[in-house]
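In: only geometry, no sequence info:
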């Protein structure tokens, strides 16, 4: 995210803390074969047309995530459909609601082959039922068409929202995510082998009010990656770029996460417009995270208004503590006016895992107007 510009070396190296806990899970990079062994079509309507041109009736397009319903989108936050394309595909394109056909582009680091992400902006979506067609072609045979149907609800988000994962309809921004049960508890994570760059999962759609986000998280492994991070996006504004470019190369966010490159956890506001230099302001505090240990995190973001109700700035703060310890009363706080003023508008809430395996417990999002509502009792 903010530290990891899309134009930098794919494998930068940094000095990590010497005593980061030895990873517990060995991460394997995905391949087309490993994907086909684990994938399944989304539960929403998916119909294939055309000629199956591959061995074993392998489809040219695999849909990883298509929720039955997308919640409210605003500004740069798009509704995304994620999947993979066969290595035999020479051209792929999509059509939303009988509009123009647009190319599907795969590009590192957001969507390296075989992954793809289709980004649909709020103004392109219809309230109610939407239809999407994906057409994939090879050097021979008829194109294969995948027909999809989903609902879009532009109504304002009603808080509180609680994601419990036992029966989740995941709204994934990038990558391949899964829910799983461990010790009787449902959790969510990037699917093993599909960690990679900025795996992002939306918890809510867009809304303007202040928000308090609470969850727990467990770091498992970073494989051979030396740059990785994981945490919450209390304000997720989506990927920012010129209209027509996909996958988009920028971002708008507030983030609360653990980043070993910084030696601990921190909060940050960040903006990047396409391939322009990023802007950010951050505050970090040194602490250690051990693999396999559960930590609790609470993050808050809210707008500050003047007496006339005009926007002044955004505030973000975070606290983090280990399971078995008392809840922390130490907040790490930051304002965007200190170096990266955020656009006034609506923001979603999300989870992020960057180049590592981390999983999250239930997530609760409640409405706040400022810190006075959240004094510890």
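Out: Structure's in. What do you need? The structure presented is a predicted model; accordingly, all values stated were derived computationally and were not measured.
In: CA only for contacts and neighbour counts going forward, please
Out: OK.
In: Mean pLDDT per helix and strand in this protein: which one sits at the bottom?
Out: helix 32-38 (a mean of 43; mean pLDDT, DSSP states H and E).
In: Look at stretch 317-332 and report the distance between its end residues.
Out: The first residue of stretch 317-332 is 5 Å away from its last residue (CA to CA, to the nearest Å).
In: Report the distance from that stretch to the chain centre.
Out: Taking the mean of its C-alpha atoms, stretch 317-332 sits 24 Å from the chain's own mean (CA atoms, centre = their mean, to the nearest Å).
In: Checking the residue nearest the centre of the chain next. Helix, strand or coil?
Out: A centroid search over the chain (CA atoms, centre = their mean) returns residue 200, at 1.2 Å, as the residue closest to the centre. Following DSSP: H, G, I helix; E, B strand; the rest coil, residue 200 is assigned to strand.
In: got a pLDDT number for it?
Out: Note on residue 200: pLDDT of 98.
In: give me the beta-bridge partners of it?
Out: residue 174, residue 352 (DSSP bridges).
In: And it, how close does it get to residue 368?
Out: Applying CA to CA to residue 200 and residue 368 gives a distance of 24 Å.
In: before we move on, what about residue 170?
Out: Separation of residue 170 from residue 368 (CA to CA): 25 Å.
In: same check, this time on residue 361
Out: 22 Å.
In: Looking at the two, which is more packed in?
Out: residue 361 (21 against 18; other CA atoms under 10 Å).
In: Quick check, pLDDT for the more buried one.
Out: 98.
In: That one contacts residue 187, correct?
Out: Yes - counting by CA atoms under 8 Å, residue 361 does reach residue 187; the two are 4.7 Å apart.
In: okay, and the common contacts of these two?
Out: Here residue 361 and residue 187 have residue 164 as joint contacts, going by CA atoms under 8 Å, 6 or more residues apart in numbering.
In: how many neighbours does residue 114 have?
Out: Counted with other CA under 10 Å, residues neighbouring residue 114 total 19.
In: so it makes contact with residue 85?
Out: Yes - with contact defined as CA under 8 Å, residue 114 reaches residue 85; the gap is 5.3 Å.
In: quick one, strands of the stretch 51-200 of the chain?
Out: Along the stretch 51-200 of the chain, counting by DSSP state E, counting those that start in this stretch, strands occupy 61-65, 69-70, 79-85, 91-96, 101-103, 115-120, 128-137, 144-152, 161-163, 171-174, 177-182, 185-190, 199-202.
In: of the ones you listed, which approaches residue 210 most closely?
Out: strand 161-163 (13.4 Å; CA to CA).
In: give me the low-pLDDT residue ranges for the protein?
Out: Along the chain, segments meeting pLDDT under 70 span 1-56, 372-377.
In: Now with 80, please.
Out: For the chain, the stretches flagged by pLDDT under 80 are 1-57, 372-377.
In: Wait, the residue nearest to the centre of the chain touches residue 355, no?
Out: No - using CA under 8 Å, residue 200 is not in contact with residue 355; the gap is 11.3 Å.
In: Quick check: closest non-adjacent residue to residue 240.
Out: The shortest distance from residue 240 to any non-neighbouring residue, by CA to CA, 6 or more residues apart in numbering, is to residue 250 (4.4 Å).
In: My error: substitute residue 111 in the last question.
Out: residue 117 (6.8 Å).
In: burial measure for that neighbour, as a count.
Out: Other residues close to residue 117 by other CA under 10 Å number 28.
In: wait, what's in contact with residue 92?
Out: Residue 92 makes contacts with 103-105, 134-137, as judged by CA under 8 Å, 6+ apart.
In: do that again at 10 Å, thanks
Out: 60-61, 85, 101-106, 116, 134-138, 143-145 (CA atoms under 10 Å, 6 or more residues apart in numbering).
In: And residue 243, how far from residue 175?
Out: To residue 175, residue 243 is 22 Å away according to CA to CA.
In: and if you look at residue 229?
Out: 16 Å.
In: And residue 142, by the same measure?
Out: 28 Å.
In: same deal with residue 324?
Out: Counting by CA to CA, the gap from residue 324 to residue 175 is 32 Å.
In: okay, the two: which has more neighbours?
Out: residue 175 (27 against 8).
In: so who does the nearest residue to residue 351 once chain neighbours are set aside touch?
Out: Residue nearest to residue 351 in three dimensions, not counting chain neighbours: residue 232, with 4.7 Å by CA to CA, 6+ apart. Residue 232 makes contact with 200-201, 203, 213-215, 217, 254-258, 267, 297-299, 318, 349-353, 360, 363 under the criterion CA under 10 Å, 6+ apart.
In: hmm, 7 Å instead?
Out: Neighbouring residues of residue 232 by CA atoms under 7 Å, 6 or more residues apart in numbering: 255-257, 350-352.
In: same thing with residue 157?
Out: 72, 205, 207.
In: for it, phi and psi?
Out: Dihedral pair for residue 157: phi -70, psi 130, per degrees, to the nearest 10.
In: And residue 115, how far from residue 280?
Out: With distances taken as CA to CA, residue 115 is found 29 Å from residue 280.
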